[in-house]
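1. 3D, please:
(2 chains)
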Amino acid sequence: DTGVSQDPRHKITKRGQNVTFRCDPISEHNRLYWYRQTLGQGPEFLTYFQNEAQLEKSRLLSDRFSAERPKGSFSTLEIQRTEQGDSAMYLCASSLGTSNQPQHFGDGTRLSIL
Amino acid sequence: AQSVAQPEDQVNVAEGNPLTVKCTYSVSGNPYLFWYVQYPNRGLQFLLKYITGDNLVKGSYGFEAEFNKSQTSFHLKKPSALVSDSALYFCAVRASLIGSARQLTFGSGTQLTVLP
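-> From the prediction side, this is the model:
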């Protein structure tokens, strides 16, 4: 399967702990996106990379959130000092480098904060 | 700012009947429009897109969508619904202007149920 891969699929943690998610995009895609989806809502944009450069960040991305794409391939999203409100599905998507190309999504990481 | 409205949270249709899932959008300049489908505990799966040209766009699994610039709409349609089409459908938009935000803005989704 050469689609977008996310790990882990599920993460349960206690409030206040740090968590890190990984995304492996489709290999030839140079754009990578992170979204957050809560129950009953559409995905909300968090941040975007073109190759290794983080070009856009949403105001939803508080200072507890950080994302990296060190070699322009896989990406990590870290949440520090997790809060109840962080419980959501975190989706990664990738696309080719032209704006009219569709984004292809992974199956997400579901985060539950106890 | 760009936005998408999906006015129906739920659409029910009988198998074999035509289906329509509604979407209206707001964006500066010309839009790029997309439809995605989501099955339980899965990511979003791309169905079709409108970039430019013919207002009727054909996509995967027999779905099509009609772009209407004057009504700022991009409704998803299928001539004959299948039970397996039951899923959550999302409309998304981004502006085509150079320098505009590259992320997609999604609607809140429409749950489609096809009844056997």
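
2. can we go C-alpha only for contacts and neighbour counts from here?
-> Noted.

3. Next to chain B, which bits of chain A? Give me the list.
-> A:33, A:40-45, A:48, A:91, A:99-100, A:102-108 (CA under 8 Å from any CA of the partner chain).

4. Got the phi and psi for B:S60?
-> The phi and psi values for B:S60, taken as degrees, to the nearest 10, are phi -80, psi 160.

5. about what we covered before: can you tell me which of the residues of chain A next to chain B are buried?
-> A:33, A:42-45, A:48, A:91, A:99-100, A:102-108 (16 or more other CA atoms under 10 Å in any protein chain shown).

6. pLDDT check: weakest of those residues?
-> Ranked by pLDDT, those bottom out at A:S99, which has 68.

7. Now do the contacts for A:L61.
-> For A:L61, the contacting residues are A:L46, A:T47, by CA atoms under 8 Å, 6 or more residues apart in numbering or on different chains.

8. next one: B:S86
-> B:Q111, B:L112, B:T113, B:V114.

9. mind running it again at 7 Å?
-> Each residue near B:S86 by CA atoms under 7 Å, 6 or more residues apart in numbering or on different chains is listed here: B:L112, B:T113, B:V114.

10. quick check, nearest of those to chain A?
-> B:L112 (13.4 Å; CA to the nearest CA).

11. Would you map the strands across the chain?
-> Here I'm looking at chain A. For chain A, the strands defined by DSSP state E occupy A:5-7, A:10-13, A:19-24, A:31-37, A:44-50, A:53-57, A:65-68, A:75-79, A:88-95, A:104-105, A:109-113.

12. I was thinking of chain B, sorry if that wasn't clear
-> Secondary structure of chain B by DSSP E: the strands cover B:3-5, B:10-14, B:19-21, B:24-26, B:31-38, B:44-50, B:56-58, B:64-68, B:73-78, B:87-95, B:105-106, B:110-115.

13. Show me what counts as buried in the first one.
-> What that stands for is strand B:3-5. Neighbour-count burial for strand B:3-5 [16+ other CA under 10 Å]: B:V4, B:A5.
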